[in-house]
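Visitor: I need the structure of the sequence given here:
(chains A and B)
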Amino acid sequence: MKVLLKDVPFWFHDLGNCLHDCFGTLLLRQGFDPVEALGAGWEFHHDPARVSGEEYYHPAPRPTLGENLFPFHPVRARWQEPADAQEAWAGIRASIQDGRPVLAAVDNFYMPIRPAFGDVHAAHLVVVWGFDDEAREVYLLEATPPLFTGPLALDDFLRARGSANEARPNTRDYFFAGHRIRHRWIDVEFTGTAPKATAAWVGGVVAHNVRGWLEPGDPRRGGLAGLRHWLADVAGRDDRAGALAELYGVGWAAQGAAALHADFLRVTGNRLRCDALVHAGRQVDRLAHQWTGLRIFGAHSSTTGDNYAAELSRRTRLLLADHEDVLDRLTAAIRRLDEPPGDPRPLTAAGARPLGAS
Amino acid sequence: MENVIQAAGFCAVPIDLTAYFNNTGATTQDRLADGRLNVWRNSFPAEELPDGTELFRRTQVPFRFPRTGPGRLDNVVCAGQRIDLPPGRWDWIYLLACSERRAEDVVHLHYRDGVADQEWLRVSDFWPASPPHFGEIEAITCRRIHFPRHVQAGVGPRIWQQRLAVSRQQELAYLRLPHNIAIHVFAMTLAANGWN
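Guide: Numbers count the residues shown, from 1 in each chain, chains lettered A, B, ... in the order given. Predicted coordinates for the structure are as follows:
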């Protein structure tokens, strides 16, 4: 059997990671605006027990990936944890036969289409959009340069999917090796149409986000308090190299979320002719750029041993202070919108709001 | 009355940054592992960069692009360096720069009278497919990138032409770069538009 899905476009965000890029492709294909869908939700959550050294790490305050990435859009997405390669491939094939591309975890060391091929181990995510049983090929899309869309030998793909992603000194990525790939993949389903970004909807989204930052369910893990707590932990942990590497990886998820939310505020603010929202978006963009400093100082410290503790401390203070400023700006911006904030959460199939998603 | 007035008088002075170079951003194929453009030790292919013995122009602004090659330092990683400037009243400070992830940070402009102003230095990512987020001009585009152990085709890193505004109409003395190791500066040129 050969199944090739149509209309699988590239999408890339310079501060996003492979998780964002892969979902961007699926969103575009479904007629959703990736910036609106990926950038609407903006929050912080950190559970030390669930951090993983993988480029596609995403913090998880809610049960499923879809609920975490798309709190305001009708997108279901769940990590699949198959027992073995056979079960994984069967699941991927079934999804594609159903017309739904999937996202699959791979180790770039075994991916001939990646610069890391045969060089370094690194966990990564690609879009799978077809297969050819007779040719023993799988069809992939890779949005991180070098761009690729087309067939790959199934045996290479399966090796990359089953890799131990070893963290040996000379063949490891600094940050994304050491976690087995385990044939994991993400099952994605669109359950409705994209919400219209009216003033009420945007206001509701922003108000929801601000509440999450200021009144998190668990202040040690979420919101501004959780961010402050985690950054203090990174600064004070005995495992210096590990903490700094975590700053790079966890910081990537936070940076991507901030950058996408900045884009969301700019686009919707301009569309709604609300300069206050555009200005707040610019400040969120600055937060995203502050993450560059933190992540890059952390990365170089963790790999070279250079001591940038004082600089990291200064940048942490600035980042937290600027977050407070941004939340004030967003609160003020909501009042400038033409309509009062509405409930932005997507409706279920039965027309009700989902329980426990606030 | 004329609505558009054109005047000559553009003046540009390329600055020699050689004494400030502290990083190797370009390598030759026999010295791939020397690159330090990012934490993964990528680098620009030296043979695809401008000839460092001549002035480089992507627009009207001339730059003194660094000489690259084995064993050479060729760019300034921003670490709070003081860059002394020739006396004069300038309108813009043009830069050839790139960033390990896009970044913005504060440069201090110091004037002859002792006043120091903060201006934002904004530089986009060198990695291909990244847009000029801050409205820069794509000054240099390579066709491939160097990894420590191989040459990668299809990944073309870039160097951006960016600029800083000199808002005070007074003599500038020096500038102090931010302490932000993500940002790499390859060349700098002072420009005056002739209105002084």
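Visitor: where's residue 152, which helix or strand?
Guide: Let's take chain A. According to DSSP states H and E, residue A:152 maps onto strand A:148-153.
Visitor: should've been chain B
Guide: strand B:151-153.
Visitor: Can you list the buried residues in the helix or strand that comes right after that strand?
Guide: Next in sequence after strand B:151-153, counting helices and strands by DSSP H and E, comes strand B:158-165. Using 16 or more other CB atoms under 10 Å in any protein chain shown as the burial criterion, the residues of strand B:158-165 that qualify are B:158-164. Backbone N, C-alpha and C define where each C-beta goes, glycine included.
Visitor: mind listing what's buried in the helix or strand just after strand B:158-165?
Guide: On the C-terminal side of strand B:158-165, the closest following helix or strand by DSSP H and E is strand B:172-176. Residues of strand B:172-176 classed as buried: B:172-173, B:175-176 (neighbour count, 16+ other CB under 10 Å).
Visitor: Mind giving me the packing neighbours of the following helix or strand past strand B:172-176?
Guide: Counting by DSSP H and E, the next helix or strand C-terminal to strand B:172-176 is strand B:179-192. Counting contacts by 3 or more CB pairs under 8 Å, 6 or more residues apart in numbering or on different chains; DSSP states H and E, strand B:179-192 is packed against helix A:275-304, strand B:11-15, strand B:62-64, strand B:76-79, strand B:92-99, strand B:103-111.
Visitor: Pairing partners for the shortest one, with directions?
Guide: If you go by DSSP bridges, strand B:62-64 pairs up with strand B:55-57 (antiparallel).
Visitor: distance of residue B:10 from residue B:4?
Guide: To residue B:4, residue B:10 is 16 Å away according to CB to CB, to the nearest Å.
Visitor: Buried deepest among the helices and strands packed on strand B:179-192, which one?
Guide: strand B:92-99 (a mean of 26; mean count of other CB atoms under 10 Å in any protein chain shown).
Visitor: And that one, how far out from the chain middle?
Guide: The chain centroid and the centroid of strand B:92-99 are separated by 3 Å, computed with CA atoms, centre = their mean, to the nearest Å.
Visitor: can you give me the angle that strand makes with strand B:158-165?
Guide: Using axes from the mean of the first three to the mean of the last three CA atoms, to 10 degrees, the inter-axis angle of strand B:92-99 relative to strand B:158-165 is 150 degrees.
Visitor: and strand B:92-99, is it in reach of chain A?
Guide: Yes - counting by CB under 8 Å from any CB of the partner chain, chain A is contacted by strand B:92-99 at residue B:99.
Visitor: List the buried residues for whichever strand or helix holds residue A:319?
Guide: Element membership of residue A:319 [criterion: DSSP H and E] is helix A:309-336. By neighbour count on 16+ other CB under 10 Å, the buried set for helix A:309-336 is A:311-312, A:315-316, A:319, A:323, A:326-327, A:329-330, A:333-334, A:336.
Visitor: Likewise for stretch B:55-73?
Guide: So stretch B:55-73, judged by 16+ other CB under 10 Å, has buried residues B:56, B:58, B:61-69, B:72-73.
Visitor: of those residues, closest to chain A?
Guide: Within the buried residues of stretch B:55-73, the smallest distance to chain A is 16.6 Å, found for residue B:73 (CB to the nearest CB).
Visitor: Look at residue 155 and say how many residues are nearby.
Guide: I'll assume chain A. Other residues near residue A:155 number 12, with proximity taken as other CB atoms under 10 Å in any protein chain shown.
Visitor: Oops, wrong one, chain B.
Guide: Neighbours of residue B:155 using other CB under 10 Å come to 21.
Visitor: Please verify my assumption that it contacts residue B:147.
Guide: No - in this structure, residue B:155 is not within contact of residue B:147 by CB atoms under 8 Å, at 9.0 Å.
Visitor: Pull up the pairing partners for the lowest-mean-pLDDT helix or strand in chain B, direction included.
Guide: When each helix and strand of chain B is scored by mean pLDDT, DSSP states H and E, strand B:151-153 comes last, with a mean of 93. Strand B:151-153 has the following sheet partners, assigned by DSSP bridges: strand B:144-146 (antiparallel).
Visitor: where do the helices sit along chain A?
Guide: Along chain A, counting by DSSP state H, helices occupy A:18-29, A:34-39, A:65-69, A:85-97, A:154-161, A:199-214, A:223-236, A:240-271, A:275-304, A:309-336.
Visitor: Now do the longest one against helix A:309-336, angle only.
Guide: Relative orientation of helix A:240-271 versus helix A:309-336 (the same axes, to 10 degrees): 20 degrees.
Visitor: circling back: in TSV, list the buried residues of strand B:158-165 along with pLDDT and distance to residue A:185.
Guide: Formatted as TSV, the buried residues of strand B:158-165 follow (pLDDT from 0 to 100; distance: CB to CB, whole Å):
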residue	pLDDT	distance to residue A:185
B:158	97	34
B:159	98	38
B:160	98	37
B:161	98	43
B:162	98	41
B:163	98	46
B:164	98	47
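Visitor: ok, stretch A:154-170 near chain B or not?
Guide: No - Stretch A:154-170 stays clear of chain B (CB under 8 Å from any CB), getting no nearer than 9.4 Å.
Visitor: If you count surrounding residues, which of residue B:10 and residue B:4 has more?
Guide: A count of neighbours by other CB under 10 Å puts residue B:10 above the other of residue B:10 and residue B:4, at 12 against 4.
Visitor: tell me which residues form a beta bridge with residue 152?
Guide: Chain wasn't specified; assuming chain A. According to DSSP bridges, the partner residues bridging residue A:152 are residue A:138.
Visitor: ah, I was thinking of chain B
Guide: Going by DSSP bridges, residue B:152 forms beta bridges with residue B:145.
Visitor: was I right about it contacting residue B:146?
Guide: Yes - Residue B:152 is within contact range of residue B:146, at 7.5 Å (criterion: CB under 8 Å).
Visitor: Report the contact partners of residue A:96.
Guide: Residues near residue A:96 by CB atoms under 8 Å, 6 or more residues apart in numbering or on different chains: A:3, A:5, A:102, A:128-131.
Visitor: Contact residues of chain B facing chain A?
Guide: Near chain A, when you scan chain B using CB under 8 Å from any CB, you find B:39-40, B:99-105, B:124-125, B:127-131, B:133, B:147, B:149-150, B:152-156, B:179-182.
Visitor: which of these are buried?
Guide: Buried subset of the residues of chain B next to chain A (neighbour count, 16+ other CB under 10 Å): B:39-40, B:99-105, B:124-125, B:127-130, B:133, B:147, B:152, B:155-156, B:179-182.
Visitor: Near the closest residue to residue A:89 other than its chain neighbours, how many other residues are there?
Guide: Taking CB to CB, 6 or more residues apart in numbering or on different chains, and ignoring the residues beside it in sequence, residue A:89 has residue A:158 as its nearest neighbour in space, at 7.2 Å. By other CB under 10 Å, the residues close to residue A:158 number 19.
Visitor: So residue B:132 belongs to a helix, correct?
Guide: No - applying DSSP: H, G, I helix; E, B strand; the rest coil, one finds residue B:132 to be coil, outside a helix.
Visitor: Could you list the low-pLDDT ranges of chain B?
Guide: Along chain B, the model assigns pLDDT under 70 to residues B:1-2, B:195-196.
Visitor: Buried by neighbour count: which residues of stretch A:89-103 qualify?
Guide: Buried residues in stretch A:89-103 (16+ other CB under 10 Å): A:89, A:91-93, A:95-96, A:100-103.
Visitor: Using JSON lines, please lay out those residues together with pLDDT.
Guide: Formatted as JSON lines, the buried residues of stretch A:89-103 follow (pLDDT from 0 to 100):
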{"residue": "A:89", "pLDDT": "97"}
{"residue": "A:91", "pLDDT": "97"}
{"residue": "A:92", "pLDDT": "97"}
{"residue": "A:93", "pLDDT": "98"}
{"residue": "A:95", "pLDDT": "98"}
{"residue": "A:96", "pLDDT": "98"}
{"residue": "A:100", "pLDDT": "98"}
{"residue": "A:101", "pLDDT": "98"}
{"residue": "A:102", "pLDDT": "98"}
{"residue": "A:103", "pLDDT": "98"}
